[in-house]
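Novice: generate a structure from the sequence data that follows.
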Amino acid sequence: MSEAFLQERLDKRLEKGILRSLKTYANLVDLTSNDYLGLARKPLPFQEEARGSTGSRLLTGNSLYYEEVEAKVAAYFKSEAALIYSTGYAANLGLISAVCQGDVFFDEEIHASCHDGIKLSSAESYPFRHNDIHHLERRLKRSNAEKKFILVESVYSTNGDRAPLQAISALADFYGAFLIVDEAHAGGVFGAGLAADIKTFARVIAFGKAFGTHGGAVIGSTLLKEYLLNFSRSFIYSTAPSNHFYRSIESSLDLIEEARPKLLELMGCYGFESPVKAIFVKDPIKASNDLLEEGFFVRALLQPTVRRPCLRLCLHAFNTKEDIASFWEILCKKDMLLQA
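Specialist: Have a look, this model is predicted:
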C-alpha cells in the first residue's frame, strides 16, 4: 500500500509556499506569541507532583481541588460555573458539537475549532460576513429553526479587531438565539473578557494566551456544565490533566491583574483595540525572514489560515516602546509595507 498520496498533498503545499514545519527560535524580540502578559515566562511556585490523573474526570481523574479551581475560574469570569478542558480547541469542539442544533450562524472568521465543532454538531450552518450585523440579521430573519445559535469571537485572532458584541447580543435576544462567544484572545487581557457583561449562552476561554499556560474552559450556567458533563465528547473521553495543570491555571489567576496594566498602556500608545494587529506587507514570508535576521520574531499568516496574507503583530506586557519603534523602522527602511 503506497503512501504517495500523502507526499502529493505535501508537494502541492510546498509549491504554493505554505508548507508548515516545526522550528525553534531563541534570543529574539517576541512580537508574535500569544503570551500577551508574559506569564508563560514566569516560574511556577509549587513543587513536583504526581505526573498523571489516572483517568477521565468522570471515572478516576477528578478531585475536589479541580472543582475548586473551576469555581475560581467561574468567579474571575463573572459566571455561575466553569468546566475546564485540556485545550481551548477541545473546549470549543466539545461545547459546539454537543449543544448546537437547528441553525447556527457564525462569523466567517471564527477559529478553526469552532468550524470543526459545527461540522460535528447536528445543526445547519450559515456564515455571515465578518462583523456585518446587517448580514447576520438577514440570515436570522430567514430562519424557521426552533433553536438558533450565533458564534463569534470577541477579539479575532488573526487581525485583532473586536466583534460588535452589544449589537450581536441585541440581535440574539430579539430573534431568540443562543449567543456563544469565544474569548480566547480577550480573556485576561480585558480582565473577565469583553462579553462578561452582556447576555450570553456560553463563553470559551483559552488559558494558552494571556494566562501563559494551557487548557481552556467553557463558562456558563450550572445547567450548561451538567449538560456538558453528559454530552461533551471531548471532555467525557479525555484523560483528565494532572494536578500541575490546574495549579498553573490557579497561579495565573493570581498573577494576571498585576501584569495587565503594562500591556494596556502599550496598546494605548499605538491605538490598538486588542494586542493583535494584522500588518499588510508586500511579501509576508520575506518580511518575516528579514525581520528575523534583524532580531524580531513576527510570523507571517498565509492562506488557508487567512484570506489575505499578512504579518501578525502581537504586543506583550514585556515589549518596550523601543521594540515597537525599531520594528516599524525596519518595515519602512526596507520598504515592506503595502501602500493604502
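Novice: how about stretch 237-245 as PDB, C-alpha atoms only?
Specialist: C-alpha atoms of stretch 237-245 as PDB (Å, rounded to 0.1, in the frame of the first residue of the first chain):
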ATOM      1  CA  TYR A 237     -13.500  10.700  26.700                       C
ATOM      2  CA  SER A 238     -10.300  12.600  27.600                       C
ATOM      3  CA  THR A 239      -7.900  11.700  30.400                       C
ATOM      4  CA  ALA A 240      -8.000  14.500  33.000                       C
ATOM      5  CA  PRO A 241      -5.000  16.700  33.100                       C
ATOM      6  CA  SER A 242      -2.700  16.500  36.100                       C
ATOM      7  CA  ASN A 243      -2.600  18.500  39.300                       C
ATOM      8  CA  HIS A 244       0.200  20.500  37.800                       C
ATOM      9  CA  PHE A 245      -2.100  21.700  35.000                       C
END
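Novice: okay, buried residues for that stretch please.
Specialist: Using 16 or more other Cβ atoms under 10 Å as the test for burial, stretch 237-245 gives 238, 240-245. Where C-beta positions appear, they are placed from N, C-alpha and C, glycine not excepted.
Novice: centre of the chain versus it, how much separation?
Specialist: From the chain centre to the centre of stretch 237-245 is a distance of 20 Å (Cα atoms, centre = their mean, to the nearest Å).
Novice: ok, now stretch 171-179?
Specialist: Here stretch 171-179 is found 23 Å from its chain centre; the criterion is Cα atoms, centre = their mean.
Novice: what do you get for stretch 57-72?
Specialist: Counting by Cα atoms, centre = their mean, stretch 57-72 is centred 23 Å from the centre of its parent chain.
Novice: got it, and stretch 206-223?
Specialist: Mean-position distance between stretch 206-223 and its chain equals 10 Å (Cα atoms, centre = their mean).
Novice: could you measure from residue 324 over to residue 156?
Specialist: Relative to residue 156, residue 324 is positioned 21 Å away (Cβ to Cβ, to the nearest Å).
Novice: quick one, which of those two is more surrounded?
Specialist: Neighbour count, other Cβ atoms under 10 Å: between residue 324 and residue 156, residue 156 has more, with 24 against 17.
Novice: just give the nearest non-adjacent residue to that one, would you?
Specialist: Nearest non-adjacent residue to residue 156, counting by Cβ to Cβ, 6 or more residues apart in numbering: residue 109, 5.3 Å away.
Novice: now do the SS call for that neighbour.
Specialist: coil (DSSP: H, G, I helix; E, B strand; the rest coil).
Novice: check contacts around it.
Specialist: For residue 109, the contacting residues are 130, 153, 156, 158-159, by Cβ atoms under 8 Å, 6 or more residues apart in numbering.
Novice: could you do residue 199 as well?
Specialist: By Cβ under 8 Å, 6+ apart, the contact set of residue 199 is 169, 172-173, 179.
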